[in-house]
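# Just to be clear, the model below is a prediction. Sequence and coordinates:
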Amino acid sequence: MAKKTTAEKLATIQQGYTLDGPTIELGAAIVDGEVHKEAQVRLPLSMMNRHGLVAGATGTGKTVTLHMMAEQLSTAGVPVFLADIKGDLSGLATAATASEKLTARTASLGQEWSGKAFPVEFLSLGGDGNGVPVRATITSFGPILLSRIMELNDTQESSLQLIFHFADQKKLELIDLKDLRAVIQFLTSDEGKAELEDLGGLSKATAGVILRELVNLEAQGMEKFFGEPEFDTAELLRTAPDGRGVISCLELPTLQTKPMLFSTFLMWLLADLFEDLPEAGDLDKPKLVFFLDEAHLLFTDASKAFLEAITTTVRLIRSKGVGIFFVTQTPKDVPAAVLGQLANRVQHALRAFTPEDAKALKATVSTFPVSDYDLEETLTSAGIGEAVITVMNEKGAPTPVALTKLRAPESVMGPSTDELIRSTIGASSLLPKYGTAVDNISAYEKLTGKGTAPATGDAAPGQPPVPASLDPNAVDADARRIEEEILGRPSSRPLPGSAPEEWPPAPAPADAPAPVPQQGGDGMMGDLAGVLGGALGGGIKSMARSFGTQLGRELLRGVFGTSSRRRR
């Protein structure tokens, strides 16, 4: 076959990227070593819910690519979610300043550049870092995702699903880690023996292993990521008053110490969106574009159930108007079942320093359509801020492969000032809603009687005693024993008699009426306390059964076993 001329190669790219609808402008094609601004490479906005992959070796410009795409999506009125691992993406909130080098680059690309700031919402996992706290309840997180964090095997994961099933049936709300711990303590106690046998398939030994791993999570300080108020993922779909999409930027300062928690929490956000959003079909633009950074962490040592759940979510969530872009080093980091669903590809340079690198390079090249480029050479020689691109056009066909010099962001490529970040967080409409953690009545309180019955195991007058094995002091004592004897570390549990930590009460609105004293336990809270106290007084086992028969229906759980309280 005759070798194509530069003009013929350019014509192929120009024709392939001539699109009718609104687009995300990615940059200008590089053909035969020269940048050609007349050959613009772009991505149809309507195709961004067909998902994508942004890959490349460390330091090749992946983060700047996300930055540039997020700006244009926001301008188009599309909300964006980004995980800010290095802190660089906070610069989206600050307009960039032109320089001689920047002006020369944008001119070579045919880019009309001006410095702009974008509407950014700063979030943080459980308040770990700067941002509005993002928390999930244990019941919403579900057994599959929690098993991932606890690194349980398949048998233990199945057993944890049975424990969640029991809690769902008995209306024992699993809000935080101590709630799940209390339920497992109950099932392994003399009082819960019958319930444990009724579950079937759950041995006391396996329950003990799960309890040990749960205490290990608490010892690592992970309890702050679970609780209430739970973050409503609908907050990610907001637009600013000027019509631009809000960029939700999740800060992850401790990623290196909790990589499994980070990646699994991001999957919870997606799973919750999947369960909440209605079917939307084909849209002119997506409802949300979700950039899932460090994607390889999702799949490392993942269970079969977890991988199947990811694959199902990716396949089906596009019909709900959400686009997912996986960000990682090589396509090999993503399982084939998921990779096959990623229609839009932005591949930065790869390195081939080792035999394993060379193998990854050949595998990457094999995933691209046939092109006019020698992709093995192109991918190893591409410079910073350059990428090999192919996307899905408006007719659902792949565009020609194009080595592209990428556009420059219009906001700061680096962190915003601490003052700006603090002022943005302080002015956030989400802060009053999620800023203060609360500890409502849930499984722990119901099973231990804390707040509804004497906590020492002594019975109230005329009532049977609360089982000593479920006394809160006994629960903490057993947790201390597991930490000290099994995990071999000093316990983080409070000693008997120490004052429990309590959440400060939420401030009352200025115009709220003064509270009316309740006499004799009258009123809603008095009724609630009476119901719980009566149930606890009648014995924990009969209480659990009464909750199952009188109050409840089994919760329908999603593809990851998730179940938001907002959907009950």
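Everything's here; your move.
# Please tell me how far the spatially most central residue of the chain sits from Thr313.
Central residue of the chain (Cα atoms, centre = their mean): Leu266, 1.6 Å from the mean position. Taking Cβ to Cβ, to the nearest Å as the measure, Leu266 falls 12 Å from Thr313. Glycine gets a C-beta too; all of them are placed from N, C-alpha and C.
# Report all helices and strands that the longest helix along the chain contacts.
Assignment by DSSP state H gives helix 259-276 as the longest helix of the chain. Packing partners of helix 259-276 (3 or more Cβ pairs under 8 Å, 6 or more residues apart in numbering; DSSP states H and E): strand 80-84, strand 120-125, helix 138-150, strand 288-292, helix 296-299, helix 304-317, strand 322-328.
# Which strands and helices lie in contact with the following helix or strand past the first one?
Per DSSP states H and E, strand 80-84 leads on to helix 100-109 as the next helix or strand towards the C-terminus. Using 3+ Cβ pairs under 8 Å, 6+ apart as the contact definition, the elements that helix 100-109 packs against are strand 23-31, strand 34-44.
# For the first one, give the mean pLDDT please.
When the per-residue pLDDT values of strand 23-31 are averaged, the result is 97.
# All the helices of the stretch 351-500 of the chain, in order from the start?
355-366, 375-381, 418-426, 431-434, 443-448, 472-481 (DSSP state H, counting those that start in this stretch).
# ranking the ones you listed by mean pLDDT, which is last?
Across the helices of the stretch 351-500 of the chain, the lowest-scoring stretch is helix 472-481, with a mean of 56.
# which ones are touching Ala363?
330-332 (Cβ atoms under 8 Å, 6 or more residues apart in numbering).
# what do you get for Thr264?
Contacts of Thr264 by Cβ under 8 Å, 6+ apart are 145, 148-149, 298.
# 10 Å instead?
By Cβ atoms under 10 Å, 6 or more residues apart in numbering, the residues touching Thr264 are 141, 144-149, 258, 297-298, 302, 306, 560.
# so can I have JSON lines of these showing pLDDT, distance to Ala443 and neighbour count?
As requested, the contacts of Thr264 are exported to JSON lines (pLDDT from 0 to 100; distance: Cβ to Cβ, whole Å; neighbours: other Cβ atoms under 10 Å):
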{"residue": "Phe141", "pLDDT": "91", "distance to Ala443": "14", "neighbour count": "30"}
{"residue": "Ile144", "pLDDT": "88", "distance to Ala443": "19", "neighbour count": "26"}
{"residue": "Leu145", "pLDDT": "89", "distance to Ala443": "18", "neighbour count": "21"}
{"residue": "Leu146", "pLDDT": "92", "distance to Ala443": "14", "neighbour count": "29"}
{"residue": "Ser147", "pLDDT": "91", "distance to Ala443": "19", "neighbour count": "25"}
{"residue": "Arg148", "pLDDT": "87", "distance to Ala443": "22", "neighbour count": "25"}
{"residue": "Ile149", "pLDDT": "89", "distance to Ala443": "19", "neighbour count": "19"}
{"residue": "Lys258", "pLDDT": "75", "distance to Ala443": "25", "neighbour count": "19"}
{"residue": "Leu297", "pLDDT": "80", "distance to Ala443": "30", "neighbour count": "19"}
{"residue": "Leu298", "pLDDT": "80", "distance to Ala443": "29", "neighbour count": "24"}
{"residue": "Ala302", "pLDDT": "78", "distance to Ala443": "28", "neighbour count": "17"}
{"residue": "Phe306", "pLDDT": "80", "distance to Ala443": "25", "neighbour count": "20"}
{"residue": "Phe560", "pLDDT": "63", "distance to Ala443": "21", "neighbour count": "28"}
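# Return the member of those nearest to Ser429.
Phe141 (25.1 Å; Cβ to Cβ).
# Report pLDDT for the residue lying closest to that closest one once chain neighbours are set aside.
Spatial nearest neighbour of Phe141, excluding adjacent residues (Cβ to Cβ, 6 or more residues apart in numbering): Trp268 at 5.7 Å. On pLDDT, Trp268 comes in at 91.
# Quick check: buried residues in stretch 81-100?
For stretch 81-100, the neighbour count (16 or more other Cβ atoms under 10 Å) marks 81-85, 87-94, 96 as buried.
# pull the CA atoms of stretch 242-257 into PDB?
C-alpha atoms of stretch 242-257 as PDB (Å, rounded to 0.1, in the frame of the first residue of the first chain):
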ATOM      1  CA  ASP A 242     -24.700  31.400  35.900                       C
ATOM      2  CA  GLY A 243     -25.600  28.000  34.400                       C
ATOM      3  CA  ARG A 244     -22.100  26.500  34.500                       C
ATOM      4  CA  GLY A 245     -21.700  23.000  36.000                       C
ATOM      5  CA  VAL A 246     -20.300  22.800  39.500                       C
ATOM      6  CA  ILE A 247     -17.000  21.000  39.800                       C
ATOM      7  CA  SER A 248     -17.000  18.800  42.900                       C
ATOM      8  CA  CYS A 249     -13.400  18.300  44.000                       C
ATOM      9  CA  LEU A 250     -12.800  15.600  46.600                       C
ATOM     10  CA  GLU A 251      -9.500  16.200  48.400                       C
ATOM     11  CA  LEU A 252      -7.600  13.000  49.300                       C
ATOM     12  CA  PRO A 253      -4.600  14.000  51.400                       C
ATOM     13  CA  THR A 254      -4.200  10.500  53.000                       C
ATOM     14  CA  LEU A 255      -4.600   8.400  49.900                       C
ATOM     15  CA  GLN A 256      -1.300   6.600  50.400                       C
ATOM     16  CA  THR A 257      -2.300   5.300  53.800                       C
END
